[in-house]
Each structure stands twice: as structure tokens, then as C-alpha cells.
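*Asks:* Make a model of this:
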Amino acid sequence: MAELLKDAHLVKANGDKVDASTLQGKLVALYFSAHWCPPCRQFTPTLKDVYEETSDKHNFQVVFVSSDEDQEAMKGYMNDAHGDWLAVSFDSPLRDELKQRYGACAGKEQEAAGVKERRSGIPALVVLQPNGDELCFQGTQELSEAGPVAVKRWREKLAA
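*Replies:* Sure thing, here's the model as predicted:
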């Protein structure tokens, strides 16, 4: 995780900058989403509830990778609907790099983001291993079906 996000510009909804080293040792999930996306707005409250229940108990952290059209839309979405999780700064090239690496993005941004192979639209929740490899690519589905139990399973998978 440290290598993947080592130079990341992470922010909180209030604009505070957060050093990526705070992710060390945590179960990290990348949340690809946007405010303009109805399925995203439907899933985000579920993620927020599960996050609030499991972030401390399972050392779980979400990092939002926005597909919003501008920084103000991203900030508004984070303030209105998100949990107290982190986000890749809107102006960071890492946003597109993560979309390219995991193939998760909105269809309308695929070309501009440079995503050659789109594996998932948004919302997408990709749970990571400490080295940045995928632990679970179907995080939205697993979380929707199992709620907090999904986070517990991911944590157990990491420990195995």
C-alpha cells in the first residue's frame, strides 16, 4: 500500500491534507464513484454505514477516487454523503492512474482517463492487499450482500 499511494495527495471532506502513511497496516478499499451517478448515490449510504461500524474495529479505511466533473462537485458529494474517509485529491494524476490500474471508471470518462480495459463502471469498491494487489474487486456487491460481515471476511483473508 505504501508504494501504491506513497506520493498520494489525500484529503478529507473538510479539505485537510492527510499523509498516505496513515494507511499503513489498514485494510484499504478504493471507492470509485461520482455524485452525478444514481447507482453511486444509492450505494454510498450503505458504504458509509458499514464504514462507521467497522473502521475502528477492523482498521478499515476507504479512499475515494472521484469521477465527478470538477472539484466542487467532488467536495459537495463528500460533505453531503460520504463517511469520514479519505479521497485522492481531485487535481492529482493518481486519480487517473488508479482508474487505469484497476479498470474502474465511468464509461464517459474512460478515454479521457486513459483506461484501456474497463472492468467495471461506477460505483466500484476495490479492496486492496498491502502491496496494492486486489484482495476483492467485487467490493460493492459483497458489501451490499453481507454488510459489515464483508469487511470482517476481507480482514480475515488478509490475515490468512
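*Asks:* my read: residue 119 touches residue 103, true?
*Replies:* Yes: counting by Cβ atoms under 8 Å, residue 103 is a contact partner of residue 119 at 3.5 Å. (Each C-beta comes from the backbone N, C-alpha and C, glycine too.)
*Asks:* And the two? Which one has more around it.
*Replies:* Taking neighbours as other Cβ atoms under 10 Å, residue 119 and residue 103 compare with residue 103 leading, 17 against 12.
*Asks:* What confidence value was assigned to the more buried one?
*Replies:* Looking at residue 103, its pLDDT reads 97.
*Asks:* cool, residue 1 as well?
*Replies:* Reported pLDDT for residue 1: 60.
*Asks:* ok, and what's touching the lengthiest helix in the chain?
*Replies:* In the chain, with assignment by DSSP state H, the single longest helix is helix 38-54. Contact with helix 38-54 is made by 31, 33-35, 60, 62, 81-85, 122-123, 125, 140, 143-144, 147-148, 150-152, as judged by Cβ atoms under 8 Å, 6 or more residues apart in numbering.
*Asks:* Indicate each strand paired with the following helix or strand past it and its parallel or antiparallel sense.
*Replies:* Using DSSP states H and E, the helix or strand that follows helix 38-54 in sequence is strand 60-66. Here strand 60-66 is paired, per DSSP bridges, with strand 27-33 (parallel), strand 86-88 (parallel).
*Asks:* I'd like those strands written out as TSV, with mean neighbour count added.
*Replies:* Below are the strands paired with strand 60-66 laid out as TSV (neighbours: other Cβ atoms under 10 Å):
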stretch	mean neighbour count
strand 27-33	26
strand 86-88	25
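*Asks:* Relative to residue 18, which of the ones you listed is closest?
*Replies:* Smallest distance to residue 18 across the strands paired with strand 60-66 (Cβ to Cβ): 5.7 Å, for strand 86-88.
*Asks:* low-scoring pLDDT stretches of this protein, where are they?
*Replies:* Where the chain drops to pLDDT under 70, the residues are 1-3.
*Asks:* from the chain's centre, how far out does the helix or strand containing residue 100 sit?
*Replies:* Taking DSSP H and E as the criterion, residue 100 maps to helix 94-102. Distance, stretch centre to chain centre, for helix 94-102: 11 Å (Cα atoms, centre = their mean, to the nearest Å).
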